[in-house]
Structures are given as structure tokens and as C-alpha cells.
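build me a structure from this.
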Amino acid sequence: MSIPSFGVGTFRLTGQTVIDSVRTALELGYRAVDTAQIYGNEAEVGQAIAESGVARADLFLTTKIWTDNYAKDKLVPSLRESLDKLRTDYVDLTLIHWPAPGNGVGLPEYMEALAEAKSLGLTRRIGISNFNIALTRQAVDAVGKGEIATNQVELSPYLQNATLAAFLKEQGIAVTSYMTLAYGKVLQDPVLKRIADKHQATVAQVALAWALQLGYAVIPSSTRRENLASNLLARDLKLDADDMAAIAALERNGREVDPAGLAPEWD
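Now for the predicted structure:
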């Protein structure tokens, strides 16, 4: 996988809250941080990184281009602004945040602009987020096979996206799972609780370990030090075949995020 399997997310975290979360995550050993233009927290993420003392070369930093900046003449300048806020010369990964089929900018235009950002050295890798199979194919056609590092999609025990995940694996595109805990809904699941008790683990660790064992990257967020530390331990949790089968049976198409005008027709 060309991207780290475990990172810290910053969705819905702003101001001092995101500074504290990222700083704590870096203290605990996280080395991948995920943000986005629309989160409105790139400057704070940049501040936390700068104050952490962790060398830039040791970090993997991801941001996402917002729909307002998809046009050819806007994407690169917007990414330069993001770099200024993040206090860095480059990011490791830049994603198109949503396919936004109705926003007036065609997919080839924004994917080619994203590829230009890479050629300029502003980002080391490029990728997509919230793309279905058909749009992923179009993105690959626009920038070339092997160029799309990841598709970051909502994926949890309640929304397993098996068809899309299988397609991405076949294409050599890494799957990044966001909302792996389904806004916390899976934390009360009796099946996951039983598996957690069996392994003397937390339910969050079980859900994250499940995604990791399927080969996905995860980017959970938290404002609490104990949760950030606990989540990292999912890397050491090994679920057995019975556990994985029990979690597979939890699929319920439980999508949490589906914004009109931004989302595609889901597979």
C-alpha cells in the first residue's frame, strides 16, 4: 500500500480542539494526518504539526480539494493556499473530495488539474474520495492507470461496500475507510461487543481491526487522548475467521453520509 494504513482524521474538529487532537496523536505515534479544505482546519493542523517537533519527512499529510476549486484555473492555486495554511511545501496525498456531478466542472478537467498539481510537486500522490465504480474508471482514464493512490469512502461494519472494495483491489487502488465506526453507532453493537470481550479489546478496536485485516487504511478521529491511544492498538488485534464472518453478516447498507449534489449514484 502506498499510503499508511493508520492515520488520524480531523473531520468536524476546529480551533483549539483540532490542534490538541493532532498534537496528541503525534505524541502517541501517529504519523499520518487527514484533513480537507472544507474542514476549515488546515491552518490549525499545520500549527499542531509545526509545534509537534516531528520532522515533515516522517509525516504523511493528506488534504482534499473542495468542489468550489475544481475548475482548471482554481485547483492548483487552492492547493497552494492549503500548503501555506499547512506550513509545508507539499502534501503526500491530495484527493478530489466528492465527484459532485452537478457542479459544472467535468471529471476530466478536475482530474487533469489534480495531475498537474502532482507534476508541479505540490502533492506526491493523487486520489479520489466518495467515487463509485463508474466514476473511478473515468478518473483512471483521465490520469492513467496506477496514478490513483486511493479512493477514500465511507465504510463500516454496517456499510461494507464489498463490490466497490473488490473493484478497487482489482485495480490496485487502496481503499481508505472513513466513518469506520458509523458515527459511533457500531459501538453499541452486541456482535461486536461479544468479539471485543473475547479478545479483551474495545468495540472500536474490533471495528478498526476488521477494516485493517481487509487491507483498508483507516483514519479515525478523537478529541480524547485515551481513545486516540486505544484506537492505535487495533493494529495489534488479530481477528479470527469466525470474527470476520460474524462482522461480514452485519452489513445493512447503513450509509451515514450522502449529500445531494455531491454524492454519486452509489454501487
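
mind checking how far Leu135 is from Arg56?
Leu135 sits 32 Å away from Arg56, taking CB to CB, to the nearest Å as the criterion. C-betas here are computed from N, CA, C, even on glycine.

what about those two, which has more around it?
A count of neighbours by other CB atoms under 10 Å puts Leu135 above the other of Leu135 and Arg56, at 19 against 14.

pretty sure Glu44 is in a helix, no?
Yes. Glu44 forms part of a helix when assessed by DSSP: H, G, I helix; E, B strand; the rest coil.

pLDDT below threshold where in this structure?
For the chain, the stretches with pLDDT under 70 are 1.

what are the buried residues along stretch 200-213?
Residues of stretch 200-213 classed as buried by neighbour count (16 or more other CB atoms under 10 Å): 201-213.

for that stretch, output the C-alpha coordinates as PDB.
Presented in PDB, the C-alpha positions along stretch 200-213 are these (Å, rounded to 0.1, in the frame of the first residue of the first chain):
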ATOM      1  CA  GLN A 200     -10.300  -8.200  25.800                       C
ATOM      2  CA  ALA A 201     -10.500  -5.300  23.400                       C
ATOM      3  CA  THR A 202     -12.800  -2.400  22.800                       C
ATOM      4  CA  VAL A 203     -15.500  -2.400  20.200                       C
ATOM      5  CA  ALA A 204     -13.700   0.500  18.400                       C
ATOM      6  CA  GLN A 205     -10.600  -1.600  18.200                       C
ATOM      7  CA  VAL A 206     -12.600  -4.500  16.800                       C
ATOM      8  CA  ALA A 207     -14.200  -2.400  14.000                       C
ATOM      9  CA  LEU A 208     -10.800  -0.800  13.100                       C
ATOM     10  CA  ALA A 209      -9.000  -4.200  13.200                       C
ATOM     11  CA  TRP A 210     -11.700  -5.600  10.900                       C
ATOM     12  CA  ALA A 211     -11.000  -2.900   8.300                       C
ATOM     13  CA  LEU A 212      -7.300  -3.300   8.600                       C
ATOM     14  CA  GLN A 213      -7.500  -7.000   8.100                       C
END
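
list the contacts of that stretch.
Under the contact criterion CB atoms under 8 Å, 6 or more residues apart in numbering, stretch 200-213 has outside partners 5-6, 155-157, 177, 180-181, 186-189, 192-193, 195-196, 199, 218, 220, 227, 230-231, 233-235, 237-239, 243-244, 247.

if we use 6 Å, what do you get?
The contact list for stretch 200-213 (CB atoms under 6 Å, 6 or more residues apart in numbering) reads 157, 177, 180-181, 186-187, 192-193, 195-196, 218, 230, 233-234, 237, 239, 247.

same check, this time on stretch 161-179
Counting by CB under 6 Å, 6+ apart, residues outside stretch 161-179 touching it are 1, 3, 133, 148, 150-152, 154-156, 211, 216-219, 256, 267.

how long is that stretch end to end?
For stretch 161-179, the first-to-last residue distance is 13 Å (CA to CA, to the nearest Å).

now it: buried residues?
Applying 16+ other CB under 10 Å to stretch 161-179 flags 161, 164-165, 167-168, 171, 173-179 as buried.

looking at those, which are in strands?
174-178 (DSSP state E).

the closest residue to Glu251 other than its chain neighbours and Leu79, how far apart?
Taking CB to CB, 6 or more residues apart in numbering, and ignoring the residues beside it in sequence, Glu251 has Gln160 as its nearest neighbour in space, at 4.7 Å. Per CB to CB, Gln160 is found 32 Å from Leu79.
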